[in-house]
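Q: the sequence and its predicted three-dimensional model are supplied below.
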Amino acid sequence: MRRYWGGVITLPRLIEELKYAKGITFQYFFGTKRALKTLKAL
């Protein structure tokens, strides 16, 4: 997230990096209306 906020990576790149990867799982919290608006069903 820091790299996205800092303008180092684009939103599409951030989304790719947030996807599930080979057995490693992460939890992300989208706690604002603005954040929720960015989510899309796959």
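A: Perfect, I can see it now.
Q: host element of Ile9?
A: Per DSSP states H and E: Ile9 is located in neither a helix nor a strand.
Q: host element of the nearest residue to it once chain neighbours are set aside?
A: Spatially, and ignoring its direct neighbours in sequence, Ile9 is nearest to Arg3 (4.8 Å; C-beta to C-beta, 6 or more residues apart in numbering). Yep, even glycine has a C-beta here, placed from its N, CA and C like the rest. In this assignment (DSSP H and E), Arg3 forms part of helix 2-5.
Q: and Leu14, how many neighbours?
A: Leu14: 15 surrounding residues under other C-beta atoms under 10 Å.
Q: quick one: mean pLDDT over stretch 2-17.
A: Regarding stretch 2-17, the rounded mean pLDDT is 89.
Q: what about the helix holding Arg3, distance to the chain center?
A: Offset of helix 2-5 from its chain centre (C-alpha atoms, centre = their mean, to the nearest Å): 10 Å.
Q: other residues contacting it?
A: Ile9, Thr10, Leu11, Arg13, Leu14 (C-beta atoms under 8 Å, 6 or more residues apart in numbering).
Q: 7 Å instead, please
A: Here helix 2-5 makes contact (C-beta atoms under 7 Å, 6 or more residues apart in numbering) with Ile9, Leu11, Leu14.
Q: what are the boundaries of the helices in the protein?
A: Assigned helices in the chain, in chain order: 2-5, 11-18, 33-38 (criterion: DSSP state H).
Q: save the ones you listed as TSV, and put in distance to Gln27 too.
A: Converted to TSV, the helices of the chain look like this (distance: least, C-beta to C-beta, whole Å):
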stretch	distance to Gln27
helix 2-5	17
helix 11-18	11
helix 33-38	14
